[in-house]
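S.K.: Predicted model follows, preceded by the sequence.
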Amino acid sequence: MSGASPPLDLPKSVKRDVALARYSTVKSGGAAQLFARVGDTQQLVALLVWAQEHSIAVSVLGSGSNLLIADEGVEGLVLKLDRELARVQIDDSHVVCGAGARLPAVAARTAREGLSGIEFGVNIPGTVGGAVRMNAGAYGGALAQILEWVDVATAAGVDRRNVGDLAMGYRNSNLGTGEIVAEVSFALTPASPERIKATIAEMRASRRQAQPGGIKTFGSTFKNPGQAAVEGEANDDPENAAQTAGQLLDRAGCRGLQIGGARFSPQHSNFVENTGEATTADVVALMAEGRRRVLERFGIALEPEVQLLGPVHFPW
Ligand SMILES: Cc1cc2nc3c(=O)[nH]c(=O)nc-3n(C[C@H](O)[C@H](O)[C@H](O)COP(=O)(O)OP(=O)(O)OC[C@H]3O[C@@H](n4cnc5c(N)ncnc54)[C@H](O)[C@@H]3O)c2cc1C
């Protein structure tokens, strides 16, 4: 890695040369030049100020469930939020979460408390912060529908933004690099815990049928093209089938296609699977081939859903 060297004296929480593959669900990529776990907002802002003073780039990862990390590693400081920044507090029908809280845990907890609205999160293996950044969603639900506000930390301090300020669209928001979601509030609706739990059970069952389990992946590789973007589990709907990225990849002959250690899942063509020792370069090469085939056959340019961390680029 090149670039400005970090100072010899680091804040206590900052470690050098920390392997990141284990922090991503696809398990590929190199090491962070600097890495810190951050436990509260004050510590977060202090680290951001320190990084700015030393011209060190900052990035953040959640559960790494939608992330491809550069094989060469990541320059600068990579943050992971935990402790107070992963706490869930319920006040009436408002749920305030640290951005490091895991979405399935928030969905399960609010179900027990009889609060409805975030059931769709039970199968999304990311953190609240990553889910806000991506406007994660499933089964017709998405974060934007229940989000009230987010506290965004930068070196300038913490800035509260309302959902309307975040330009949340299909798997997208306007949060930039270096803008770290620290805390989030959801507005949910009281409902019977039994009914919510039944909905969650149905969602889990339908997910088990539609998507492969127990593989190293980052979920959907490409966004579903077109306005009528539908979730992967709606693949069986013939009205929508031609619109999903999985269906297009399938029809372009990508199911099971493998480059190096990366392959399009035999069960779901829009899921890339690390079959063992895949590098991020293998995954990117496979994505490029899948995208090329779909473009050639259908004239549709698929857009990646997966995010990149470090010096890795899509070759198109
Ligand atoms: C098996 C599987 C199933 C999935 N199913 C779905 C699904 O149904 N619907 C769906 O929408 N997604 C799905 N995903 C993708 C993924 O879980 C979501 O995109 C999730 O929201 C990513 O959260 P994360 O914490 O893992 O973010 P990461 O992958 O760690 O990061 C994603 C992006 O968010 C940024 N980010 C992370 N934390 C913060 C923060 N605190 N502040 C600012 N930016 C931040 C990162 O820098 C990066 O740019 C699935 C993934 C897998 C592996």
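M.R.: Okay, I see it. Everything quoted here is computed from the prediction, not taken from an experiment. Numbers count the residues shown, from 1 in each chain.

S.K.: alpha carbons only for contacts and neighbour counts from here, please
M.R.: Fine.

S.K.: which SSE is Val106 in?
M.R.: helix 103-112 (DSSP states H and E).

S.K.: Tell me the gap between the helix or strand just after that helix and the middle of its chain.
M.R.: The helix or strand immediately downstream of helix 103-112 is strand 115-116, counting by DSSP H and E. Relative to its parent chain, strand 115-116 has a centroid offset of 23 Å by CA atoms, centre = their mean, to the nearest Å.

S.K.: got it, and stretch 26-34?
M.R.: Stretch 26-34 sits 16 Å away from the centroid of its parent chain (CA atoms, centre = their mean).

S.K.: now the end-to-end length of that stretch.
M.R.: Distance between the two ends of stretch 26-34: 21 Å, counting by CA to CA, to the nearest Å.

S.K.: and that stretch, does that touch the ligand?
M.R.: No: contact of stretch 26-34 with the ligand (CA under 6 Å from any ligand atom) is absent, the minimum separation being 7.5 Å.

S.K.: Next: stretch 194-211.
M.R.: No: counting by CA under 6 Å from any ligand atom, no contacts exist between stretch 194-211 and the ligand, the nearest distance being 7.8 Å.

S.K.: what's next to that stretch, contact-wise?
M.R.: For stretch 194-211, contacts defined as CA atoms under 8 Å, 6 or more residues apart in numbering pick out 111-112, 114-116, 119-120, 122-123, 139, 232-233, 267-268.

S.K.: Take the residues you listed and lay them out in CSV including pLDDT.
M.R.: Shown next, in CSV, are these (pLDDT from 0 to 100):
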residue, pLDDT
Ala111, 97
Arg112, 96
Gly114, 97
Leu115, 98
Ser116, 98
Glu119, 97
Phe120, 96
Val122, 96
Asn123, 95
Tyr139, 91
Gly232, 40
Glu233, 39
Gln267, 93
His268, 93
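
S.K.: What average pLDDT does stretch 179-199 get?
M.R.: Summarised as a single mean, pLDDT over stretch 179-199 is 97.

S.K.: Ends of it, what's the gap?
M.R.: Start-to-end span of stretch 179-199 (CA to CA) is 34 Å.

S.K.: Flag the shaky bits of the protein, pLDDT-wise.
M.R.: Low-confidence segments of the chain, defined by pLDDT under 70: 1-4, 227-242.

S.K.: So the nearest residue to Ala31 once chain neighbours are set aside versus the ligand, what's the distance?
M.R.: Distances taken as CA to CA, 6 or more residues apart in numbering place Ala19 nearest to Ala31, at 3.9 Å, with adjacent residues excluded. Using CA to the nearest ligand atom, to the nearest Å, one gets 15 Å for the distance from Ala19 to the ligand.

S.K.: Put the alpha carbons of the helix holding Val106 into CSV.
M.R.: C-alpha atoms of helix 103-112 as CSV (Å, rounded to 0.1, in the frame of the first residue of the first chain):
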residue,chain,number,x,y,z
LEU,A,103,-30.8,-5.7,12.0
PRO,A,104,-32.0,-9.3,12.6
ALA,A,105,-31.5,-8.7,16.4
VAL,A,106,-33.5,-5.5,16.2
ALA,A,107,-36.3,-7.2,14.3
ALA,A,108,-36.4,-10.1,16.9
ARG,A,109,-36.3,-7.7,19.9
THR,A,110,-39.0,-5.4,18.5
ALA,A,111,-41.2,-8.4,17.7
ARG,A,112,-41.0,-9.5,21.4
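
S.K.: Please identify the buried residues of it?
M.R.: For helix 103-112, a neighbour-count test (16 or more other CA atoms under 10 Å) marks Leu103, Pro104, Ala105, Val106, Ala107, Ala108, Thr110, Ala111 as buried.

S.K.: what residue lies at the spatial centre of this protein?
M.R.: For the chain, the residue nearest the mean C-alpha position is Asn66 (3.8 Å; CA atoms, centre = their mean).

S.K.: That one touches Leu309, doesn't it?
M.R.: No: counting by CA atoms under 8 Å, Leu309 is not a contact partner of Asn66; they are 10.3 Å apart.

S.K.: so how far is Thr244 from the closest residue to Ala245 other than its chain neighbours?
M.R.: Nearest-residue entry for Ala245: Asn224, 4.8 Å, with adjacent residues in sequence omitted and distances by CA to CA, 6+ apart. Distance from Asn224 to Thr244, counting by CA to CA: 5 Å.

S.K.: Within range of the ligand, give me the residues from the stretch 151-300 of the chain.
M.R.: Near the ligand, when you scan the stretch 151-300 of the chain using CA under 6 Å from any ligand atom, you find Glu179, Ile180, Val181, Ala182, Thr217, Phe218, Gly219.

S.K.: burial count for the residue nearest to Ala245?
M.R.: Applying other CA atoms under 10 Å, we find 26 residues neighbouring Asn224.

S.K.: I am finished for the moment; much appreciated.
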